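need a structure here:
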Amino acid sequence: MVTAALAIVGTLLGAIVSGRYQERAADRSVRVSHSEVLRRERLEAVTALACAVSDHRRAMWLRGDALLRQAPADRVEALRSESHETRSAVTRPLVALRILIEDHEVRAAADRVVTLTYAIRDAYESADALSEAREAAKDAHDDFVNAAARYLAT
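Okay, the predicted model is just below:
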């Protein structure tokens with residue numbers, strides 16, 4: 001009788017221990033999966049912002065160049081419309097980045113690249129000013145990508 005009771009208790013304890021191991025393994029798997037999904041979403045936010053800012057920088061430079069070259073009004077208006085669309089496209093990935101990434105360096109670099117890209121609009125007085133603004137925005141873009149790469153590598 002004692003032997004049977006010990007066998008039953010041993011079986012129950014074995015089932016409990018085995019269940020706990022399986023539960024821990026499942027929890028670990030969920031944590032790893034969640035971390036990987038979050039990392040992918042962060043990478044997507046960074047990539048989308050970098051692309052949107054590049055598109056806007058190009059649109060703003062083309063618009064400024066057209067103004068400086070005194071392009072026809074319909075061309076300038078078309079470029080103005082394009083720059084409005086590309087500026088609007090910056091908002092979504094910037095918001096996603098702010099929600100998904102709390103790192104101060106990445107956020108500061110994102111703010112800087114957006115600010116300097118938007119500032120191209122204020123450099124339409126000369127070709128030199130336009131080129132300088134464009135180069136400053138390109139450098140800020142590279143700094144942003146590098147800061148994000150360091151953050152995502154950890």
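
Only C-alpha atoms from now on, for both contacts and neighbour counts.
OK.

how near is the spatially most central residue of the chain to Arg150?
The centroid of the chain falls nearest to Val46 when counting by Cα atoms, centre = their mean (2.0 Å). Noted for Val46: a distance of 12 Å to Arg150, by Cα to Cα, to the nearest Å.

helices and strands around the helix or strand of the chain with the lowest mean pLDDT, which ones?
Every helix and strand of the chain was ranked by mean pLDDT, DSSP states H and E. The lowest is helix 2-68, at a mean of 82. Judged by 3 or more Cα pairs under 8 Å, 6 or more residues apart in numbering; DSSP states H and E, helix 2-68 is in contact with helix 73-100, helix 104-118, helix 127-153.

What is the neighbour count of the closest residue in space to His56 that isn't next to it in sequence?
Nearest non-adjacent residue to His56, counting by Cα to Cα, 6 or more residues apart in numbering: Thr86, 4.8 Å away. Applying other Cα atoms under 10 Å, we find 20 other residues in the vicinity of Thr86.

from what I can see Thr86 touches Arg58, true?
No: with contact defined as Cα atoms under 8 Å, Thr86 and Arg58 do not form a contacting pair (9.3 Å).

Tell me if I'm right that Arg80 and Arg63 touch.
Yes: judged on Cα under 8 Å, Arg80 makes contact with Arg63 at a distance of 6.4 Å.

Show me which of those two is the more surrounded one.
Arg63 (25 against 17).

residues near the closest residue to that one other than its chain neighbours, how many?
Using Cα to Cα, 6+ apart and skipping residues adjacent in sequence, the residue nearest Arg63 is Leu79, 5.3 Å away. Neighbourhood size, Leu79 [other Cα under 10 Å]: 20.

Return the residues in contact with Leu79.
Ala59, Leu62, Arg63 (Cα atoms under 8 Å, 6 or more residues apart in numbering).

quick check, nearest of the residues you listed to Asp143?
Distance to Asp143, by Cα to Cα, is smallest for Ala59 among the contacts of Leu79, at 20.6 Å.

Since that was my last question, I'll sign off now.
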